[in-house]
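A.B. asks: Have a look; sequence and predicted model below, questions after that.
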Amino acid sequence: MQNRPLENTVYVLTAGAFGVFLRWLQLQLAFDDKGLCGPSIFNYIVPLFILVAAYVLRRRIRQMLSGELVLPTDYHEALANPGRFYAFLRWMAGLLMAAGGALVIRGSDLEKQKLLLRLIGGAAIAAGLSFPLFLGWANRKLKRFSRELLCLLCLLPILLFAVWLVYDYVDNAINSVIWAFLVEVLAVCVLMLAFFRLAGYAYGQADPKKTLFWLQFGVFMSMTALADSRSLGLQVIFFSAGLMLGLADFILLGKLREKPEEKPPEGEDAPLPNGGIEEL
């Protein structure tokens, strides 16, 4: 039971490593000198691998939670991460995303979509600083933060990738080479959904199965999308988003527990084994 979080993390990271490698091969072999995408077997291998990875992750999670194991749905119980080690990890991931946002803002002066990039950078800084607070409040140490503020913090990463999705649409509106931006668009959508599902714990609407799937699939897609060429700041945001989701997934998996035995309601006799007859 104790090795399950590490085991699942290794599976996800391995899938992501294959994903980024296949995407890199596609970019190297399927595109010509003019940047146009030609016929290539990798145009079929990459989407097939993404679908297979999604299926395998979903199947593993369903098998894990359909038996005798359950995850708590309470925010404090599910995401508690006490200790200096977890504090270091959550602040490292958050500050890394904030640094990526600062790099995006710094390099936006020479870009066409200057305003959208600055919005992405600002949202990344806000999301990076909010993430350690979101996980830290689960330890009941930041009691001065109200539930309303907690819910607001959860919206910042979603806002970040919503703006990024608009940026991708505007920046690639006249780009006829779909494969040039398709993986990035898919990754942005998956990351947005992953942070949306994670926010369900703060709003009291958690779905453990769906949350675990989107967290792990988000880590996979964030790694796969790193093969694409983009500015350093955007790459750092993608990488740090994968770290955030991976850390949340690791914490959640550590809370797997066996299902409690169902007790009969008070005032009712417990069922007798093997259809036995109650003793007089």
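C.D. replies: On my side now, so go ahead.
A.B. asks: wait, what's in contact with the closest residue to Cys154 other than its chain neighbours?
C.D. replies: What sits nearest to Cys154 in space, not counting adjacent residues and going by C-beta to C-beta, 6 or more residues apart in numbering, is Ala199, at 3.5 Å. (C-beta placed from N, C-alpha, C; glycine too.) Contact analysis of Ala199 by C-beta atoms under 8 Å, 6 or more residues apart in numbering lists 151, 154-155, 158.
A.B. asks: mind putting those in TSV, distance to Leu79 included?
C.D. replies: TSV is the format used below for the contacts of Ala199 (distance: C-beta to C-beta, whole Å):
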residue	distance to Leu79
Cys151	14
Cys154	11
Leu155	17
Ile158	17
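A.B. asks: of all the residues you listed, which two lie farthest apart?
C.D. replies: Cys151 and Ile158 (11.3 Å; C-beta to C-beta).
A.B. asks: what about these two, which has more around it?
C.D. replies: Using other C-beta atoms under 10 Å as the criterion, Cys151 and Ile158 rank with Ile158 on top: 19 against 14.
A.B. asks: Give the residue spans of this structure that score low on pLDDT.
C.D. replies: Counting by pLDDT under 70, the chain has low-confidence residues at 1-2, 33-35, 67, 141-145, 259-280.
A.B. asks: Helices of that one, start to end?
C.D. replies: Using DSSP state H, the helices of the chain run over residues 4-29, 42-65, 75-79, 84-106, 114-136, 147-171, 182-199, 208-224, 232-253.
A.B. asks: List the buried residues in the fifth one.
C.D. replies: Translated: helix 114-136. Neighbour counts over helix 114-136 (16 or more other C-beta atoms under 10 Å) mark 116-136 as buried.
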